[in-house]
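K.L.:
Next input, structure requested:
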Amino acid sequence: MTTDIINNWIPTTLPTSSKKTSLVDDIADIVVAEWEKDANDFRALAASTDTDDAVEGTVTIDKILLARLIKQAAGEHTRVGKAKVGDIAKVMHHAFRRYGIDRKSIASRKAAYLALEQGRAVEPGHIDGEPFAV
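P.N.:
Residues are numbered from 1 along each chain as shown. Model (predicted):
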């Protein structure tokens, strides 16, 4: 008896959320999925910070290729799939920043790693790779 009464005012299906999502939200969902798969050098394209580590020679080209991969992963009938590659490239850094994988964050971590690597402790009995007398 109680369930009949409750069923009168509790909906059986939930309405669509009134929260609007942005293009950045949609891109962020795709980035998470593609980052996990790491197909087509997705992580390497996303992590390039200078010409030395750019997959295709320049960071700009890597960024455009990454935007193209995001568009392809989205599918033709989605908001991201219908967006222009240039528009995706303009806003995708916002999605990357959410996860700390934007170019600025990666460049900072790369610099910290290289500093630690260059400043590592000297092995006993060697200075700069050369043996010395004690």
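K.L.:
quick one: the residue positioned nearest the centre of the chain from Ile106, how far?
P.N.:
Among the residues of the chain, the one closest to the centroid is Phe96, at 4.1 Å (Cα atoms, centre = their mean). As defined by Cβ to Cβ, to the nearest Å, Phe96 lies at a distance of 9 Å from Ile106. Yep, even glycine has a C-beta here, placed from its N, CA and C like the rest.
K.L.:
what does Met92 give?
P.N.:
14 Å.
K.L.:
One more: Leu114?
P.N.:
Applying Cβ to Cβ, the value for Leu114 to Ile106 is 12 Å.
K.L.:
between the two, which one's more packed in?
P.N.:
It is Ile106, of Leu114 and Ile106, that has more neighbours when counted by other Cβ atoms under 10 Å, with 17 against 10.
K.L.:
Poorly predicted segments of this protein, please.
P.N.:
Across the chain, the ranges flagged by pLDDT under 70 are 1-9, 11, 120-134.
K.L.:
for it, what spans make up the strands?
P.N.:
Under the criterion DSSP state E, strands of the chain are mapped to 126-127, 130-131.
K.L.:
Tell me who's in contact with the residue nearest to the centre of the chain.
P.N.:
31, 46, 102-103 (Cβ atoms under 8 Å, 6 or more residues apart in numbering).
K.L.:
Return the members of these classed as buried.
P.N.:
Buried members of the contacts of Phe96, counted by 16 or more other Cβ atoms under 10 Å: 31, 46, 102-103.
K.L.:
Switch the residues you listed over to JSON lines; also include distance to Val85.
P.N.:
As requested, these are exported to JSON lines (distance: Cβ to Cβ, whole Å):
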{"residue": "Val31", "distance to Val85": "15"}
{"residue": "Ala46", "distance to Val85": "15"}
{"residue": "Asp102", "distance to Val85": "19"}
{"residue": "Arg103", "distance to Val85": "18"}
